[in-house]
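Engineer: generate a structure from the sequence data that follows.
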Amino acid sequence: MAWNEPGNGQRDPWNSKRPGAGNHGLDDVLKRLRARLGKHGGPGGIITIVLALVLAWLLLSSYTIIDARQAGVVLRFGQYSRTLPPGFHFKLPQPVESVTKVQTTRVRSLQDSVRMLTRDENIITIDFTVQYQVSDARAYLFSVDDVETTIAAASEAAVRSVIGRSDMDTILSGEGAALVGEANQALQKTLDSYHAGLQVTAVSFQNVSPPAEVKDAFDDVNKAREDKQSIENGALAYANKVVPVARGDASRIAAEASGYKAERIARAQGDAERFDLLLKEYKAAPEVTRKRLWLETMEQVMAGNRKVIDGSNGRTIINLPPAPPASPGTATAVTSDDATDKGTQP
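Structural biologist: Numbering: from 1, shown residues only. I've put the predicted structure just below:
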């Protein structure tokens with residue numbers, strides 16, 4: 001009987017039930033392991049198990065998968081080796097190479113509220129927000145010790161540099177957007193000098209307010225500035241409405257005057273030509289021309305008259321349509337004698 005087999009009322013020297021005994025013996029543990037794995041025999045089975053575990057561990061640690069939103073930084077014995085883009089990659093197993101994955105597309109943000117002194121020595125409170133992304137995974141991991149603290153200090157310094165060289169009226173007016181752009185550029189320049197591997201995407205001022213002691217006065221100034229802008233906009237809109245109408249009226253009047261001028265000139269030229277022709281006819285036959293002019297003149301004068309005047313001393317018969325007996329103003333035939341009696345000259 002083996003020394004570690006129970007017998008004669010004695011137990012295994014490593015049995016916990018024996019007074020002063022510790023854990024189970026090594027052979028007992030190996031037997032249990034061989035029984036579970038179905039292995040039999042000596043230490044060869046243990047070596048096989050160990051080798052299988054080592055091989056499985058090597059296979060599982062020999063590759064890595066980098067997400068599309070990440071970048072993988074590979075360290076070989078703790079020293080930077082390379083940066084892996086998104087995808088499936090092979091690497092040396094641990095502890096030879098290890099991979100640290102960094103989120104490069106996630107937008108990180110920082111919010112802070114500070115009281116600053118302007119160029120005209122006024123105190124102002126500014127709440128600002130900074131949004132940034134990782135542009136260089138290696139620099140992000142190794143160039144800066146504490147990224148959050150560093151970007152917070154750099155953001156405050158950038159905002160202070162912009163506010164410190166601006167007047168309060170400029171900060172509170174519509175020119176604040178330009179100050180935000182300057183703060184963005186100053187912050188990015190500072191982070192680039194640190195080689196922090198960060199890209200500033202946006203800097204915004206949420207609340208810019210003067211001290212509480214003078215807040216009412218600044219509110220009145222801002223209201224007056226807004227009223228001024230509103231009045232200027234109204235005047236500009238009125239000018240844009242009236243000026244085109246006036247220009248249109250001026251163009252219409254000028255066009256009408258030009259047409260009237262052309263008409264008068266053409267009529268005057270026609271009258272002059274007609275008079276020249278008439279003069280030629282008068283020189284050729286004065287009596288005939290004088291008689292014709294008299295007849296044409298009388299025709300024009302008497303065209304609207306209801307009476308008919310006979311200048312032939314009754315030798316000409318004029319047939320008139322019958323008129324209603326009671327209608328006043330009906331045209332009547334008047335002889336030269338009647339015309340003479342009434343004072344009408346032929």
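
Engineer: name the next helix or strand downstream of the helix or strand where A250 lies, please.
Structural biologist: When elements are assigned from DSSP states H and E, A250 belongs to helix 215-284. Next along the chain after helix 215-284, taking DSSP H and E as the criterion, comes helix 286-301.

Engineer: report the angle between the axes of that next one and helix 215-284?
Structural biologist: Per axes from the mean of the first three to the mean of the last three CA atoms, to 10 degrees, the angle that helix 286-301 makes with helix 215-284 is 140 degrees.

Engineer: which of the residues in helix 286-301 are buried?
Structural biologist: Of the residues in helix 286-301, T289 count as buried by neighbour count, 16 or more other CB atoms under 10 Å. Quick note: C-beta positions are derived from backbone N, CA and C, even for glycine.

Engineer: repeat for stretch 65-78
Structural biologist: For stretch 65-78, a neighbour-count test (16+ other CB under 10 Å) marks I66, Q70, A71, G72, V73, V74, L75 as buried.

Engineer: what about stretch 81-91, how long is it end to end?
Structural biologist: End-to-end distance for stretch 81-91: 11 Å, by CA to CA, to the nearest Å.

Engineer: equivalent analysis for stretch 94-108, please.
Structural biologist: Termini of stretch 94-108 sit 31 Å apart (CA to CA).

Engineer: what mean pLDDT does it have?
Structural biologist: When pLDDT is averaged along stretch 94-108, the result is 88.

Engineer: which other residues reach that stretch?
Structural biologist: Stretch 94-108 is contacted from outside by 61, 64, 66-77, 81, 84, 91, 131-135, 137, 140-141, 201, using CB atoms under 8 Å, 6 or more residues apart in numbering.

Engineer: can you list the buried residues in that stretch?
Structural biologist: E97, S98, V99, K101, V102, T104.

Engineer: got the buried residues of stretch 65-78 as TSV, with pLDDT, secondary structure and distance to D192 columns?
Structural biologist: Shown next, in TSV, are the buried residues of stretch 65-78 (pLDDT from 0 to 100; DSSP: H, G, I helix; E, B strand; the rest coil; distance: CB to CB, whole Å):
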residue	pLDDT	secondary structure	distance to D192
I66	89	strand	26
Q70	90	strand	23
A71	91	strand	19
G72	91	strand	24
V73	91	strand	20
V74	91	strand	25
L75	92	strand	25
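
Engineer: the strands in the stretch 51-200 of the chain, which residues?
Structural biologist: Using DSSP state E, counting those that start in this stretch, the strands of the stretch 51-200 of the chain run over 63-66, 70-76, 79-84, 87-90, 97-103, 108-117, 123-134, 198-209.

Engineer: please name every helix or strand in contact with the last one.
Structural biologist: Under the contact criterion of 3 or more CB pairs under 8 Å, 6 or more residues apart in numbering; DSSP states H and E, the helices and strands touching strand 198-209 comprise strand 123-134, helix 147-164, helix 176-194.

Engineer: one more: the second one?
Structural biologist: For strand 70-76, the helices and strands in contact under the criterion 3+ CB pairs under 8 Å, 6+ apart are strand 79-84, strand 97-103, helix 137-142.

Engineer: give me the sheet partners of the second one and which way each runs.
Structural biologist: So that's strand 97-103. Strand 97-103 sits in its sheet next to strand 70-76 (antiparallel), going by DSSP bridges.

Engineer: return the strand it pairs with as PDB; C-alpha atoms alone will do.
Structural biologist: Extracted C-alpha coordinates of strand 70-76, given in PDB (Å, rounded to 0.1, in the frame of the first residue of the first chain):
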ATOM      1  CA  GLN A  70     -10.800  53.800 -33.400                       C
ATOM      2  CA  ALA A  71      -7.100  53.700 -34.000                       C
ATOM      3  CA  GLY A  72      -4.800  51.100 -32.400                       C
ATOM      4  CA  VAL A  73      -1.400  52.000 -30.900                       C
ATOM      5  CA  VAL A  74       0.900  49.000 -30.800                       C
ATOM      6  CA  LEU A  75       3.500  48.800 -28.000                       C
ATOM      7  CA  ARG A  76       6.400  46.300 -28.300                       C
END
